[in-house]
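Participant: Here you go, sequence then predicted model.
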There are 4 protein chains.
Amino acid sequence: MSNLDAAIQDLIIANRILAREEVVDAYGHVSVRHPDKPNRFLIARSLAPELVSPDDIVELDLDGQPVREEHRSLYLERFIHAAIFAARPEVTAVVHAHAEDTLPFGIAQGTKLRPVIHLGSFIGAEVPVWDIADKFGDTSLLVTDMAQASDLAQCLGGHRVALMRGHGFAAAAPSLIEVVRLSVYLPRNARALMRASQLGGAVKYLSQGEIEAHNRGYSPHSAATWRAWEYWANRAGCAHLLTRPGGGGTG
Amino acid sequence: MSNLDAAIQDLIIANRILAREEVVDAYGHVSVRHPDKPNRFLIARSLAPELVSPDDIVELDLDGQPVREEHRSLYLERFIHAAIFAARPEVTAVVHAHAEDTLPFGIAQGTKLRPVIHLGSFIGAEVPVWDIADKFGDTSLLVTDMAQASDLAQCLGGHRVALMRGHGFAAAAPSLIEVVRLSVYLPRNARALMRASQLGGAVKYLSQGEIEAHNRGYSPHSAATWRAWEYWANRAGCAHLLTRPGGGGTG
Amino acid sequence: MSNLDAAIQDLIIANRILAREEVVDAYGHVSVRHPDKPNRFLIARSLAPELVSPDDIVELDLDGQPVREEHRSLYLERFIHAAIFAARPEVTAVVHAHAEDTLPFGIAQGTKLRPVIHLGSFIGAEVPVWDIADKFGDTSLLVTDMAQASDLAQCLGGHRVALMRGHGFAAAAPSLIEVVRLSVYLPRNARALMRASQLGGAVKYLSQGEIEAHNRGYSPHSAATWRAWEYWANRAGCAHLLTRPGGGGTG
Amino acid sequence: MSNLDAAIQDLIIANRILAREEVVDAYGHVSVRHPDKPNRFLIARSLAPELVSPDDIVELDLDGQPVREEHRSLYLERFIHAAIFAARPEVTAVVHAHAEDTLPFGIAQGTKLRPVIHLGSFIGAEVPVWDIADKFGDTSLLVTDMAQASDLAQCLGGHRVALMRGHGFAAAAPSLIEVVRLSVYLPRNARALMRASQLGGAVKYLSQGEIEAHNRGYSPHSAATWRAWEYWANRAGCAHLLTRPGGGGTG
């Protein structure tokens, strides 16, 4: 299988997983940088992630424009991906979604979203909140051009995730498996923090050292990482699409 | 397919979607104005929405009475639909339901339901709460005649949704797709607001300008709108009933 | 079909519905008074409600003892049913269950469970809380003999439901459909009240007059009642067991 | 069937049940002491519990090392099981998991997790909270060697469950059925306590006497115990693997 075909197949799996794990519904999308052309990325045409097949994947440039003539509709917010890939050379995969339990932290101003569980360490010590109104005034809250998307990417900076006020989040990671993993555990970490806050008393967040230790110990090619990817693909009904990187090793 | 047949088929899809997305259970109903006779509307006979087929659709007038002899039981609360269609010529579709997470906002008097997420902008800047007891005293809370239904329609006024205290909500929109969409995102907006309130600090609601901008940008015929309708129909197991308006264009 | 066979068939449906709607899990049970012998009742042998078939139904007397030789294990808490049938001649059906969202109201002493939604009116204006420790000291909390069960029945008095502290609830109604309906909407009413309490401000409970009006308007043989029973049976995968009382009329 | 084969078959059922009941996802694991060699235990290789088959079970010693040459990856945190089996001769089965609703009690310092429902009595009167940072400073929070695992086992002491701050819990019981049961009802007890706390007023915990009475009355071989195991196995789709201990008696 070519690098491109493998990337597309993994992108299909990622779409299905994010749908099954309720990170996306009809809205929200995941993209991956083109494996051979770093100034291109792959993303579905305008279609619910659960329904995406290889034929639905399109190739866009870093302005969010299709590199081939395209008659099908594209995601209105594809610029989010373009701007993050442009700003962050080390990033290989991006998710934008509205996962329900991340929303309160972009709306309420009293509690910051920070890691409280070890699987939340992937979100990093700080999660900035981007409010489109700060620079662009009264909008539909949708990110519909490169100016807005670049502003979001700037707010994201070197972080893994930025919340988008009243809208959702944007996440970036060095690999597709990592960005999916982060997106699945982000709402779980959010729920743990919401409920811990309600129990009263001080909340023990992960320390900076713990976040670093956990992320240092992480490998996208380890057995533990593959275990989750395989599990989620099974739940999403697409285990038949799995191809172990490296040809079947056990990590 | 005739206009009427197409309207009935879409109404079946709407029934199934509202059941699958837990907006309705055995109770709650959705109706659509007759495409050719504006003083008639289409709604199921007394049957759980999940189980509705074309043969179950009946045609009622704007007093909530069947226009043909009908031996089957009708929804007791069909008057809600009749009164809203009578009061609002621009409305083409109505939902009445008890979606669980909308209920607290009709019961508690401390927090108003308002849009906090962009997909909540469809509910409009203000959501009035109708309390049947204000005019009708001690009732079963069910809307069982035109007098009660007209009072509810008056409270709804020009808004998209009215909460009904201790009961549920009534929603009205210019198209079936819009009223379904609104009904699905209404509880999600309610949950986001409930949880944001619990996190503490000020809550950032959508501004009036943002609500207007989002709704201005909305089209019931866009690719983004169709994407959700197609996704929900797939989840509800009735994708085979989908017919793209305009004959397969991509929006 | 004989009265007895019909009663057993409906009891199977009730078992499956209560499992599907998460009122019971492996624990919890539903019983119905024998249609021809008022001092007997029908209940499953010790088996998870989801798995109950006609052969699993046993006939017990009002001391909770089997009327025929029985080698199979019986529910340890069958006395709850016996005592309520003995104390309440008008009651035809009883449920005991641990539905999760009813539990907090038996544990916390700050908020009484009362109807806040119209479908909650079936629980009645007052829901007493029975604490087994009041009379029996330190027990396993299980109701394992007639003395404990009779004390519970006395606390229940003429009400529809009693909460059992740290354990669950017992519900009684004039018909099987009613006790199932009540048991399904009891946790929903509990959730609406919990969430309304968290929103702040005064909570609008149903008034005494509203509860009475709703219950006065209720008939176990109406189309609206049948609609829910049919819907739940479909969800529980046992629609094929449905037999409309009165031979297929529409109510 | 040999003792070993029977133990492996039950371990498969336990893996599937814990996955279906959302105690584990891709992460978390369950083990059982070797039925014939008390200084060995059985656990899956690194694989999501939902996907575990008999061939995936490996035999480890009480240092967490495989007793046969093993090329497949093992769970990184298998030392948790080894240390608990080593410290507690009466323990036959161990679970480590991240069940979501147990997490807040390890993070917030204001409310202790204690039994409030009778099915929560299995967790015992006191649930210690182990914080890996107390002895080991900034780590990934994962238990990756025997020193850390032994410290956790020491914190667990003679209790049934210890919470692990920001991570999950470890549970130990005299039988596999008991540790599964405990793990399923632990999050339910946690939710009941969280919600009761929010309702306000004093919370009625189970008394020491009630906990003891409930646990005294419990038998892993009773009909009531088997009822839940059979129910969960059915839900998890592995009822065909069930073998009643004692060859089909009814308990």
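Facilitator: Now that the structure is in, tell me what you want to look at. Numbers count the residues shown, from 1 in each chain, chains lettered A, B, ... in the order given.

Participant: Only C-alpha atoms from now on, for both contacts and neighbour counts.
Facilitator: Will do.

Participant: Report the rounded mean pLDDT for the biggest helix by length in chain A.
Facilitator: Looking across chain A with DSSP state H, the single longest helix is helix A:176-199. Average pLDDT, helix A:176-199: 96.

Participant: helices or strands next to the helix or strand following that helix in the packing?
Facilitator: Next helix or strand after helix A:176-199 toward the C-terminus (DSSP states H and E): helix A:208-216. Of the remaining helices and strands, none touches helix A:208-216 by 3 or more CA pairs under 8 Å, 6 or more residues apart in numbering or on different chains; DSSP states H and E.

Participant: and helix A:208-216, how far from the chain's centre?
Facilitator: Per CA atoms, centre = their mean, to the nearest Å, the displacement of helix A:208-216 from the mean C-alpha position of its chain is 20 Å.

Participant: CA atoms only for it, dumped as PDB, please.
Facilitator: Output in PDB follows, covering the C-alpha atoms of helix A:208-216 (Å, rounded to 0.1, in the frame of the first residue of the first chain):
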ATOM      1  CA  GLN A 208       3.700  20.100  35.500                       C
ATOM      2  CA  GLY A 209       6.100  17.300  36.200                       C
ATOM      3  CA  GLU A 210       3.500  14.600  36.000                       C
ATOM      4  CA  ILE A 211       2.200  15.900  32.700                       C
ATOM      5  CA  GLU A 212       5.700  16.000  31.300                       C
ATOM      6  CA  ALA A 213       6.500  12.500  32.700                       C
ATOM      7  CA  HIS A 214       3.400  11.000  31.200                       C
ATOM      8  CA  ASN A 215       3.900  12.600  27.800                       C
ATOM      9  CA  ARG A 216       7.700  11.700  27.800                       C
END
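
Participant: elements contacting the longest helix of chain A?
Facilitator: helix A:3-20, strand A:93-97, strand A:168-173, helix B:176-199, helix D:103-107, helix D:176-199.

Participant: Mean confidence (pLDDT) on whichever strand or helix holds A:Asp151, please.
Facilitator: According to DSSP H and E, A:Asp151 maps onto helix A:146-156. Computed over helix A:146-156, the mean pLDDT rounds to 98.

Participant: what about it and chain B, touching?
Facilitator: No. Helix A:146-156 lies apart from chain B when judged by CA under 8 Å from any CA of the partner chain; the minimum separation is 15.2 Å.

Participant: Those residues of the stretch 101-250 of chain A touching chain D, which are they?
Facilitator: So the stretch 101-250 of chain A meets chain D at A:116-119, A:188, A:192-193, A:195-207, A:209-215, A:217, A:223-224, A:227-228, A:231-232, A:250 (CA under 8 Å from any CA).

Participant: So, low pLDDT: which residues of chain A?
Facilitator: Within chain A, the segments meeting pLDDT under 70 span A:245-251.

Participant: Give the full set of residues in contact with the residue in it that chain C sits nearest to.
Facilitator: Per CA to the nearest CA, A:Gln198 is where chain A lies closest to chain C, at 10.9 Å. Contacts for A:Gln198 (CA atoms under 8 Å, 6 or more residues apart in numbering or on different chains) come out as B:Gln198, D:Gln198.

Participant: Return the distance of it relative to D:Leu199.
Facilitator: Counting by CA to CA, to the nearest Å, the gap from A:Gln198 to D:Leu199 is 12 Å.

Participant: One more: A:Asp25?
Facilitator: For A:Asp25, the distance to D:Leu199 - CA to CA - is 33 Å.

Participant: Comparing the two, which residue is more hemmed in?
Facilitator: D:Leu199 (23 against 20; other CA atoms under 10 Å in any protein chain shown).

Participant: can you tell me which residues contact the more buried one?
Facilitator: By CA under 8 Å, 6+ apart, the contact list for D:Leu199 reads C:Pro104, C:Phe105, C:Ala108, C:Gln109, C:Gly110, C:Thr111, C:Met194, C:Ser197.

Participant: same thing with A:Glu22?
Facilitator: A:Glu22 neighbours (CA under 8 Å, 6+ apart): A:Ala99.

Participant: burial measure for the residue in the stretch 1-150 of chain A positioned nearest to chain D, as a count.
Facilitator: Distance from chain D to each residue of the stretch 1-150 of chain A (CA to the nearest CA) is smallest for A:Ile117, at 4.2 Å. Residues within reach of A:Ile117, counting by other CA under 10 Å, total 28.

Participant: so what's it closest to, chain neighbours aside?
Facilitator: Closest residue to A:Ile117 apart from its sequence neighbours, by CA to CA, 6 or more residues apart in numbering or on different chains: D:Gly166 at 4.2 Å.

Participant: now do A:Leu62
Facilitator: Of all residues not flanking A:Leu62 in the chain, A:Ala82 sits nearest, at 4.6 Å (CA to CA, 6+ apart).

Participant: on contacts alone, who are the packing partners of the helix holding A:Asp151?
Facilitator: helix A:79-87, strand A:129-130.
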